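**Q** what's the 3D shape of this:
(2 chains)
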Amino acid sequence: MNLSEIVWGLIGFLLTVMVLSYLIGDNLFFRLAGYLFVGVMAGFLSVVIIRQILWPYLLIPLVHGSWLERLWALIPLGLVILLVLGQFKRFTGFSRYPLAFLGGVAAALAIGGAVFGTIMPQTQAVIEIFDPVVWYAVPGRTWLRIIDAVVMLLGTIGTLSYFHFGRQWRAHSNIKAEERPFILETLSGVGQVFIGIALGAVFAGLFSSALVALIDRILSIGQFILLVVGAS
Amino acid sequence: MKRVVPVLIAVLIGLFVLAGYVLQSLLAPVLIMFLNWGVLLVGVALLVGMGHLLVFHFSRLINDQEKPFYSLIVLSAFTLTLVGGLVLSLQDVFFRNLVLNILIPIEAGLLAILAITLVYMSLYLIRTRGWTVMSVSFLVSAIISLLLNLGYVPTQPGTRIGELVAFLRRLPIVGVRGILLGIALGGLLVGLRVILAIDRPYGDEP
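**A** The predicted structure is shown next:
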């Protein structure tokens, strides 16, 4: 074990103990580790942004590009300057233009992602389980696959219904404002069960990962102590 | 004019990027350029955010407000990492050791704390919300998922237990699918509102 390994191991050991000390309550060591994390993470992100984004997308075309490339690079340069200038009180309005550009791109990407990335494939998946070819592909227990498909459909519609908060507007209706139509209320009840099941599974996955991390940290502390004891 | 130009930029750029989904081969070069500009602006926006963080800590340090020592740690850690990353490269062994041996133990430690916090919060949820349909299904699903994740339950396809386990594993997908569809519908609506200039997140309410 060389000196470098001992130093880095010691840093990792100390930081782990400092973070885990939160289990006995909020304390100075936990906060120290937290602030150190914020500083290093901010610095690391800045380096990544400068080296992987600013340098190839803006500075290389401006410094090493052809005349045409330099001319095109002036537009993002202008947007960047406006965005930075917008942070000063006197020029607050300047950041509207780069933010409008970002807003337009983000909105279009959100629409495309939602339609082509989620709505179409997920709807397709719900439809496909009703394909008779799938039902009869394997002989026996066809009714089980039909029930399975119905449960999947009911669960999906139920979950969507749970998030439906719209009301039909009736000027002279006796229905109380907080009442939802019966069908929606029933489906949202079914949806609650499926949302609970989904969140429970997510919780189990997250808990397993967190438990693995806890075991890993305890192991790393033990290994470091063993290495130091062994080396001495 | 001040109000019209940002709206025009957002609407035209949005429609152009949307058109790119359909006319991909025709608009690809310009589309890639727009997306690169978008990535660049997001990067600069993040740098601006870091700048605000630094200004906050710097002012706390200068004005000797509460606990300036913590701000000193943030500023010195930031400066050391930034200078190290700019002078050396991202692949440099020393820089990687410096960053990874600080970030990974803290991140893993926080995740480890999460394990204990999650157990506490799940019990707290039952105590405060009571035994509702959702809390019961949540708890039962969590216990069953944890048992299945252990890998001790036999899951050979074709057997009754295997089919039941496969069904139990598929059940959470239904809820997730519904939630995903809900998020997508929400995202679609927000995107349309921005492109139609009903919402203007870049300033100036209509």
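
**Q** do the helix or strand containing A:S220 and chain B meet at all?
**A** Here A:S220 sits within helix A:182-231, counting by DSSP states H and E. Yes: Helix A:182-231 lies within reach of chain B by C-beta under 8 Å from any C-beta of the partner chain, at A:189, A:191-211, A:213-214, A:216-217, A:220. For glycine as for every other residue, the C-beta is placed from the backbone atoms N, C-alpha and C.

**Q** Can you say which of the residues you listed are buried?
**A** A:191-204, A:207, A:210-211, A:213-214, A:216-217, A:220 (16 or more other C-beta atoms under 10 Å in any protein chain shown).

**Q** which residues of chain A fall in helices?
**A** A:3-20, A:28-49, A:60-64, A:67-85, A:96-112, A:120-128, A:132-135, A:142-162, A:182-231 (DSSP state H).

**Q** near chain B, anything from the third one?
**A** Okay, so that is helix A:60-64. No: Helix A:60-64 does not reach chain B (C-beta under 8 Å from any C-beta); its nearest approach is 9.7 Å.

**Q** which one of the helices of chain A is the most hemmed in?
**A** Of those, the one with the most neighbours on average (mean count of other C-beta atoms under 10 Å in any protein chain shown) is helix A:96-112, at a mean of 24.

**Q** and it, how far from the chain's centre?
**A** 19 Å (C-alpha atoms, centre = their mean, to the nearest Å).

**Q** Just send the helices of chain A back as CSV, with distance to B:G109 and mean pLDDT too.
**A** As requested, the helices of chain A are arranged in CSV below (distance: least, C-beta to C-beta, whole Å; pLDDT from 0 to 100):
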stretch, distance to B:G109, mean pLDDT
helix A:3-20, 3, 87
helix A:28-49, 8, 94
helix A:60-64, 39, 89
helix A:67-85, 36, 92
helix A:96-112, 34, 93
helix A:120-128, 37, 90
helix A:132-135, 47, 82
helix A:142-162, 35, 88
helix A:182-231, 6, 87
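
**Q** Specify the stretch among those helices that is closest to B:I62.
**A** Among the helices of chain A, helix A:28-49 comes nearest to B:I62, with 17.1 Å by C-beta to C-beta.

**Q** From the contact counts, what lies against the closest one?
**A** helix A:3-20, helix B:24-62, helix B:68-87, helix B:93-129 (3 or more C-beta pairs under 8 Å, 6 or more residues apart in numbering or on different chains; DSSP states H and E).

**Q** Run through the neighbouring helices and strands of the second one.
**A** Secondary-structure packing of helix B:24-62 (3+ C-beta pairs under 8 Å, 6+ apart): helix A:28-49, helix A:67-85, helix A:96-112, helix B:4-22, helix B:68-87.

**Q** Which positions within that helix qualify as buried?
**A** Neighbour counts using 16+ other C-beta under 10 Å place B:27, B:31, B:34, B:36-38, B:40-41, B:43-48, B:50, B:53-54, B:57, B:60-61 of helix B:24-62 among the buried residues.

**Q** Determine the angle, from 0 to 180 degrees, between that helix and helix A:96-112.
**A** Helix B:24-62 runs at 130 degrees relative to helix A:96-112, counting by axes from the mean of the first three to the mean of the last three C-alpha atoms, to 10 degrees.

**Q** pLDDT on helix B:24-62, on average?
**A** Per-residue pLDDT values across helix B:24-62 average out to 91.

**Q** How about A:V190, nearest residue that isn't a chain neighbour?
**A** Sequence neighbours aside, A:G158 is the residue nearest to A:V190 in space, at 3.5 Å (criterion: C-beta to C-beta, 6 or more residues apart in numbering or on different chains).

**Q** swap in B:V74?
**A** That would be A:G39: by C-beta to C-beta, 6+ apart, it lies 4.1 Å from B:V74.

**Q** For the one you found, which residues are in contact?
**A** B:73-78, B:81 (C-beta atoms under 8 Å, 6 or more residues apart in numbering or on different chains).

**Q** Point me to the residue sitting farthest from the middle of chain B.
**A** Distance to the chain centre peaks in chain B at B:T159, reaching 40.2 Å (criterion: C-alpha atoms, centre = their mean).
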